[in-house]
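In: structure of the sequence below:
(one chain, ligands or ions: 1)
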Amino acid sequence: IPVEPFDLVIFGGTGDLARRKIFPGLYRRLADGQMPPEARLIGAARSDSDDAEFRALISAALEEFLPAENLRPEIVAQFLEMLSYVKIDALGEGGWPELKGKMREGVVHAFYFSVAPSLFGPIAERLKERGIADGQARIVVEKPFGHDLASAKALNASLAAHFDETQIYRIDHYLGKETVQNLMAVRFGNMLFEPLWNSQYVDHIQITVAETVGVGGRGEYYDRIGAMRDMVQNHLLQLVCLIAMEPPARYDHDAVRDEKLKVIRALDPMEPDDIVRGQYAAGPGGPSYLEDVGDPRSRTESFLAMRLEVSNWRWAGTPFYVRTGKRLKARASEIAIVFKDAPHSIFDVPRGRHSNILSIRLQPNEGMQLGVTIKEPGPGGMRLIDVPLDMTFAEALGDDHDAIPDAYERLIMDVIRGNQTLFMRGDEVEAAWAWTDPVIAGWEARGHIPSPYDQGSSGPDDALMLLHRDGRRWREIR
Ligand code: NAD
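Out: All right, here's what the predicted structure looks like:
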C-alpha cells in the first residue's frame, strides 16, 4: 500500500549511514511501489555539493550497496530525479531559507537526523525557529541516544523544546526487523504460545548478537562506548522488552511502549557475578582489541554476557541470558525461548533435553523455528527425535528474499505513516539508561578488567560458566 506523498530531508545525507542504508532502502520502497513517485528526498549536509553531484553520489551508493538485479534503470532514473541537495551546516546560518523554499505544502514533512547526536538539538531548534517544521512534521533521530542518563535527558530536553513527543521517532533498527515484529505476531496472534509464555513453562531465554568483525577503524570511538552502551542498553534491552512484555490492549504506539517500559523498570539491578566482560585477543582476524583501539590499558568491553532477571509476576525466577561481542565465531543474532521439559517423561529419555525451543533468528536469514519432539519414522521402536518446525519467511514467501524489506526502509515508511509503535519513546530510553548507568558505574568502581578471549570463539570461558553454574548451556553461535 503506497504511503502519502512526502518531503523527507536527510541531514547527513552524504554520510555513511545515508549511503549504505537510508537511500538504498528508499530506492527499494520506490521499486516496490510503496513510495509514491511524488515523494521528494532532500539531502542536507555540510559539504559543498549540488543536485547533480549528490545524485551521482547516491547513484554510486545504490550500485555499491544493492544487488545488481535490484537495479532497474528506469526506476533508478526516477529515484535520482526525486533527489536534491542543500548545503547546510547544522550549526551555521546558511542554507536554511533554501531548505524552507524546497518544502512543499500539503505533503508529509519528515526530517531524518543522520548526524552526530550533538547536532540533534541545534537542528531541531533551527527547523522550528525558522518555520521549516510545523506541528505536524516528524523528526527521526539515530543512535546513540545519549551516553548515560544525564546526556539522554539532555537530548530529550533539547528535542522536546521544539517538538512534541508524538513527532519524535527514535530509531532502533532492531525493532524494524521482520522477525522482531513477528515475535509480537506469534505471541499475541496465536493461542498456542501465550499461555506458556511465563516462568512456569519457560526455563530460560537466550539472546545472542554475535559479530565477526572487530572495531576496525572505529577503535577510538568504540573505546569510549563499549558493548554495554553500543548494543545492550538499546538493542538487546529492546528485545528483552518484546519478549517479556505483557500483552498490550491494542497494537498501538503508546499501549505497546507502556508495556515495554514496565519491563525495563522491572529489571533487577545487576550483581557482579552475573556480568562477564571480555576483550578479543590477537588472532587470525587481526590485532587484539587493545591494539585496535591503540590503548594497552583500555578497560572497555568488546564482549558482554549477562544474566538478567525481570522481577515481576510473570517472569520471577526465569533468567534472561544475553550476550553480544565482536570477533566471535559467526555473525549470528538469535533469540531462543527455551521451554521446560515435560513434567514427566513416559519415554526413556534424559531430563534437561529442552526440546521445545522457539528460536527467532534476526540475522542472517531472518526466520523462526520451533523445536518439537516426534517419533523417528520407521520400525525402530519408539525412538524420539527433535525436529524443527520451520517458520522461515523465505519459504513462505517463495524464493523472493528481497520481498523482506530491510529494517531501515520499513521504519522510514512507518515515519511517513505516522506510526510510532516501533520507535523508542523518550521515557523508555531514559529508563534503559537509568538501569544501565549503575551497572557500568559498578564495574568501573571495582576497576574490573575484561577477560581476553580468542578470536573466532564464543567469548571468554567465564561466559560459559554463567550458564553452567545454573545447569544450562549457551546455544551454538552459527
Ligand atoms: P558520517 O560521518 O559518515 O556522516 C556524517 C554526515 O553528517 C555527513 O553527511 C556530514 O556532511 C554531515 N555533517 C557533519 N557535520 C555536520 C554539520 N555540522 N552540519 C551538517 N551536516 C553535518 O556518519 P554516519 O556513519 O553516516 O552516521 C550518522 C549518524 O548515524 C550518527 O549519529 C551515527 O551514530 C548514526 N549511526 C550510524 C550507523 C552507521 O552504520 N554508519 C549506524 C547506526 C547509527
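
In: give me the phi and psi angles of the closest residue to the ligand within the stretch 151-300 of the chain.
Out: Nearest to the ligand, among the residues of the stretch 151-300 of the chain, is His173, at 7.2 Å (C-beta to the nearest ligand atom). C-beta coordinates here come from the backbone N, C-alpha and C atoms, glycine included. Reported as degrees, to the nearest 10, the phi and psi values for His173 are phi -70, psi -10.

In: show me where this structure dips below the pLDDT cut-off.
Out: 393-404 (pLDDT under 70).

In: my read is that the residue of the stretch 151-300 of the chain closest to the ligand contacts Ala407, right?
Out: Yes. Between His173 and Ala407 a contact is recorded at 4.2 Å, counting by C-beta atoms under 8 Å.

In: what about these two, which has more around it?
Out: Ala407 (24 against 19; other C-beta atoms under 10 Å).

In: can you mark which positions in whichever helix or strand Ile416 is part of are buried?
Out: Take DSSP states H and E as the rule and Ile416 turns out to sit in helix 407-417. Buried residues in helix 407-417, counting neighbours by 16 or more other C-beta atoms under 10 Å, are found at Ala407, Tyr408, Glu409, Arg410, Leu411, Ile412, Met413, Asp414, Val415, Ile416.

In: equivalent analysis for stretch 346-366, please.
Out: His354, Ser355, Asn356, Ile357, Leu358, Ser359, Ile360, Arg361, Leu362, Glu366.

In: so which of the buried residues of helix 407-417 comes closest to the ligand?
Out: Distances from the ligand to the buried residues of helix 407-417, taken by C-beta to the nearest ligand atom, are shortest for Tyr408, at 9.5 Å.

In: give the contact list for Ile42.
Out: Ile42 makes contact with Asp7, Leu8, Val9, Ile10, Gly13, Leu83, Ser84, Tyr85, Val86, Leu99, Lys102 under the criterion C-beta atoms under 8 Å, 6 or more residues apart in numbering.

In: now the buried residues of helix 407-417 as a markdown table including distance to Ser151?
Out: Output for the buried residues of helix 407-417, formatted as a markdown table (distance: C-beta to C-beta, whole Å):
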| residue | distance to Ser151 |
| --- | --- |
| Ala407 | 25 |
| Tyr408 | 24 |
| Glu409 | 29 |
| Arg410 | 28 |
| Leu411 | 23 |
| Ile412 | 26 |
| Met413 | 30 |
| Asp414 | 26 |
| Val415 | 24 |
| Ile416 | 29 |
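
In: show me which pair in these is furthest apart.
Out: Taking C-beta to C-beta as the measure, these span a maximum distance of 15.5 Å, between Ala407 and Ile416.

In: so which bits of this protein are right by the ligand?
Out: 11-18, 45-47, 88-91, 114-117, 119, 142-144 (C-beta under 6 Å from any ligand atom).

In: show me which of the residues you listed are buried.
Out: Applying 16+ other C-beta under 10 Å to the residues of the chain next to the ligand flags 11-15, 17-18, 45-46, 88, 90, 114-115, 117, 119, 142-143 as buried.

In: now, these that are in strands?
Out: Phe11, Ala45 (DSSP state E).

In: which ones among the buried ones among the residues of the chain next to the ligand map onto helices?
Out: Leu17 (DSSP state H).

In: quick revisit: ok, the residue of the stretch 151-300 of the chain closest to the ligand to Pro37 distance?
Out: Distance of His173 to Pro37, given as C-beta to C-beta, to the nearest Å: 26 Å.

In: please apply the same query to Asp50.
Out: Taken as C-beta to C-beta, the span from Asp50 to Pro37 is 22 Å.

In: same thing with Asp230?
Out: 38 Å.

In: which one's more surrounded, those two?
Out: Asp230 (22 against 13).

In: tell me the contacts of the more buried one?
Out: Here Asp230 is in contact with Pro144, Tyr222 (criterion: C-beta under 8 Å, 6+ apart).

In: mind checking the SS state of it?
Out: helix (DSSP: H, G, I helix; E, B strand; the rest coil).

In: if we can go back for a sec, the contacts of Ile42 in helices, which ones?
Out: Leu99, Lys102.

In: list buried residues within the contacts of Ile42.
Out: Asp7, Leu8, Val9, Ile10, Gly13, Leu83, Ser84, Tyr85, Val86, Leu99.

In: relative to the ligand, which residue of this structure is the closest?
Out: Gly15 (2.2 Å).

In: now do the contacts for the residue nearest to that residue when sequence neighbours are not counted.
Out: Using C-beta to C-beta, 6 or more residues apart in numbering and skipping the chain neighbours, the partner closest in space to Gly15 is Ser114 (5.7 Å). The neighbours of Ser114, taking C-beta under 8 Å, 6+ apart as the test, are Ile10, Phe11, Gly12, Gly13, Gly15, Leu17, Ala18, Ile22, Glu142.

In: of those, which pair is most distant in space?
Out: Farthest pair in the contacts of Ser114, by C-beta to C-beta: Gly13 and Glu142, 12.7 Å.
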